[in-house]
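[1] Any chance you could fold what I've pasted below:
(one chain, ligands or ions: 1)
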Amino acid sequence: MVKQSIWWLYRMGLKKLLSKSQIVQPISGKIQEVEPSGPDTEDEKYISWLKEHPCALASFHQMMKPAKGKQIVVFLDYDGTLSPIVNDPNRAFMTDPMRSALNDVARRFPTAIISGRSRDKVYAFVKLDDVYYAGSHGMDIMGPPLQVKYHHDKYQINAQDEKGKEFTIFQPAQEYLPSIEKMLKELKTRTCNITGAFVEDNRFCISVHYRHVLEEVLKHTITWYFLSEKGIYIRLHEVRSSNIQDYEALEQIVWSVLSDYPCFHMTRGKKVMEIRPSIKWNKGDALEYLLDTLGFSNSSNVLPFYLGDDKTDEDAFKVLKRRGLGYPIVVSSVPRETSASYSLHDSSDVLSFLIHLARWGETSA
Ligand SMILES: O=P(O)(O)OC[C@H]1O[C@H](O[C@H]2O[C@H](CO)[C@@H](O)[C@H](O)[C@H]2O)[C@H](O)[C@@H](O)[C@@H]1O
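    Now for the predicted structure:
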């Protein structure tokens, strides 16, 4: 814990934390210094949360102690983890240093990205061939060639890329594709008049973004002029609430479309409504599938890391926790409910963590 606090002191600036104590004037008139009773500022709440979810950078050496002789496998989410959250979903590019660190990690350890986006879109951002990709919240996996016969084999095919590299494609929501395509068209048509709304095709899922949609009722003032009997103008202001409640209208459209497709449901992410087939398959199942196909089913000889920032990543954290395996690491700059055991503040901490991991792999090889 001392290490965690020192780390955070460094991040916040020593001065800010030292100004925490308060000067009070007791009845006797003598000046006395007291510590505040509990965390009150956002920074203090974060420091307190770090006690339960220690920073994975500060704890790195401790975390790597059980790694000797074990196979490390690295799982990562994309948005908010490998790239910071940005205003335009089409411009969530990964930086070159992040790509290079990820490449170094992927050359040393099996590495997979599990994202809510379509697999192709994530690949277009990442552009690394040594990484496995799972798009659509794990419903479209490009994984290693099968070493074990998998119980869901009706959904998988073996394939080769143009360089002759073998891989397996696993798509457990195949039969939902025609409905998804219809829903996508409907959503695009019905939301086109809502300013700022953006419907994203994630192949087996659909994201309806509202980051740029007005969420509040607009209040505006109308000024009336009346000509009085004496021939002078009287000015009156009237405050009106606008009828345009864009966010609510958008949400209603989503619910209305969903009501025609009972085999789908909606989950929520960061300023996004995500429409998904109602099958028992999430990022946690994708993680287990990849561990199995990599040859680590029931193996205690594996040390998986999962780094993610979103609610959907909690499914993967829970799997690691339930199996008592490896390290679920949440990327968050604010305290939050999570099943992760460690934390990183933001995607630049993720970059540092990947650099540490690649170096560790190099020196302990
Ligand atoms: O599982 P992920 O890789 O984290 O994908 C979840 C969603 O990420 C993207 O949206 C989020 O990031 C955007 C870019 O930073 C941001 O503009 C948006 O507000 C966020 O919700 C992606 O566009 C979605 O399709 C994914 O479902």
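[2] you'd agree residue 176 is in a strand?
    No: applying DSSP: H, G, I helix; E, B strand; the rest coil, one finds residue 176 to be helix, outside a strand.
[3] Nearest residue to it in space, please, no chain neighbours.
    Distances taken as CB to CB, 6 or more residues apart in numbering place residue 277 nearest to residue 176, at 4.1 Å, with adjacent residues excluded. C-beta here means a position set from N, CA and C on the backbone, and glycine is covered the same way.
[4] Now the helix or strand containing residue 358: average pLDDT?
    Here residue 358 is covered by helix 347-363, with elements defined by DSSP states H and E. Mean per-residue pLDDT for helix 347-363: 97.
[5] and what of stretch 274-286?
    97.
[6] Can you give me the buried ones in that stretch?
    Of all the residues in stretch 274-286, those buried under the rule 16 or more other CB atoms under 10 Å are 274, 275, 276, 277, 281, 282, 283, 284, 285, 286.
[7] out of those, which touch the ligand?
    Contacts with the ligand within these, counted by CB under 6 Å from any ligand atom: residue 274.
[8] could I get the buried residues of stretch 274-286 as a markdown table with secondary structure and distance to residue 158?
    Formatted as a markdown table, the buried residues of stretch 274-286 follow (DSSP: H, G, I helix; E, B strand; the rest coil; distance: CB to CB, whole Å):
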| residue | secondary structure | distance to residue 158 |
| --- | --- | --- |
| 274 | strand | 30 |
| 275 | strand | 30 |
| 276 | strand | 26 |
| 277 | strand | 24 |
| 281 | coil | 20 |
| 282 | coil | 24 |
| 283 | helix | 23 |
| 284 | helix | 24 |
| 285 | helix | 20 |
| 286 | helix | 18 |
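[9] Would you mind writing the CA trace of stretch 301-313 as PDB?
    Extracted in PDB, the C-alpha atoms of stretch 301-313 (Å, rounded to 0.1, in the frame of the first residue of the first chain):
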ATOM      1  CA  ASN A 301       0.100 -23.400 -15.900                       C
ATOM      2  CA  VAL A 302      -1.200 -20.300 -17.600                       C
ATOM      3  CA  LEU A 303      -1.200 -16.700 -16.300                       C
ATOM      4  CA  PRO A 304      -3.800 -14.600 -18.300                       C
ATOM      5  CA  PHE A 305      -4.000 -10.800 -18.100                       C
ATOM      6  CA  TYR A 306      -7.200  -9.000 -19.100                       C
ATOM      7  CA  LEU A 307      -7.100  -5.200 -19.500                       C
ATOM      8  CA  GLY A 308     -10.400  -3.400 -20.100                       C
ATOM      9  CA  ASP A 309     -12.300  -0.200 -19.300                       C
ATOM     10  CA  ASP A 310     -15.900  -1.000 -20.100                       C
ATOM     11  CA  LYS A 311     -18.900  -2.700 -18.400                       C
ATOM     12  CA  THR A 312     -18.700  -5.500 -20.900                       C
ATOM     13  CA  ASP A 313     -15.200  -6.300 -19.800                       C
END
